[in-house]
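Student: I would like the atomic coordinates for the input below:
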Amino acid sequence: MRLVSLIAAAVLCAAPAFAHDGVHIENPYARTNGGVGTSGAIFLEISNHADVDDRLIGAASDVADKVELHTHKQSADGVMQMLAVPEGFPITALQGHALKRGGDHIMLMGLKQDLKDGDIIHLTLTFEHAGVVEVDVPVDNARKPGAAGMGDMQGMDHSKMGHGSMEPAPAN
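Tutor: Predicted coordinates:
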């Protein structure tokens, strides 16, 4: 009887690891552009294990004055710009969506503290269907472009974003 109880307890503890519904966050990390008042970005992979489409509609963290969902867009003159995406990012049922350098990402504007490699950022993600998902994101400024499928944030035109005023760039 004791063996049966131990097996039942093990199965109950392991059940969440085998659950395949809702969203799962993998490979989160952040990069920053310096100290207090500067900006940073968070990158991660979202897997939607549900049989219904979902949408990432918001992100929040207490480490920055403002947290927004962003993407990159090339202007007519070939300059890459970061733009806010207030409608969020669709996450197709039974598929995934990568927030990566050079693409969709979570922007941290007006950092309230100097974040260094190894620091942890607590991030709250809000989805239309899955609701709130809490994620602890390590700062990893040394991560190379392409590591874990991530691109690069360097060379982007940050001036169109209005970091000083915390306003997103106008959509073109």
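
Student: Flag the shaky bits of this protein, pLDDT-wise.
Tutor: 1-21, 145-172 (pLDDT under 70).

Student: all strands for it, in order.
Tutor: Ranges of strands within the chain are 23-32, 39-48, 54-60, 64-74, 80-84, 89-91, 96-99, 105-111, 120-127, 131-138, based on DSSP state E.

Student: and the angle for the fifth one with strand 105-111?
Tutor: So that's strand 80-84. Orientation note: strand 80-84 sits at an angle of 80 degrees relative to strand 105-111 (axes from the mean of the first three to the mean of the last three C-alpha atoms, to 10 degrees).

Student: who does strand 80-84 touch, helix- and strand-wise?
Tutor: Counting contacts by 3 or more C-beta pairs under 8 Å, 6 or more residues apart in numbering; DSSP states H and E, strand 80-84 is packed against strand 64-74. All C-beta atoms are positioned from the backbone trio N, CA, C, and that covers glycine.

Student: which residues sit against the strand it packs on?
Tutor: Under the contact criterion C-beta atoms under 8 Å, 6 or more residues apart in numbering, strand 64-74 has outside partners 39-41, 56, 58-61, 80-86, 88-89, 102-112, 123, 156, 166, 168, 172.

Student: Among these, the buried ones, what's the PyMOL command?
Tutor: In PyMOL, a selection of the buried entries from the contacts of strand 64-74 looks like this (16 or more other C-beta atoms under 10 Å):
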select buried, resi 39+40+41+56+58+59+61+81+82+83+84+85+88+89+102+104+105+106+107+108+109+110+111+123+156+168
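
Student: For Ile42, which non-adjacent residue is spatially closest?
Tutor: Leaving aside its sequence neighbours, Ile42 sits nearest to Ile106 (C-beta to C-beta, 6 or more residues apart in numbering; 4.1 Å).

Student: now that neighbour, which residues is it bridged with?
Tutor: Ile106 has these beta-bridge partners by DSSP bridges: Ile42, Leu69.

Student: from what I can see it touches Gly58, true?
Tutor: No - in this structure Ile106 lies outside contact range of Gly58 using C-beta atoms under 8 Å: 9.8 Å.

Student: quick one: contacts for Phe89?
Tutor: Each residue near Phe89 by C-beta under 8 Å, 6+ apart is listed here: Ile46, Arg55, Leu56, Leu69, His97, Leu99, Asp104.
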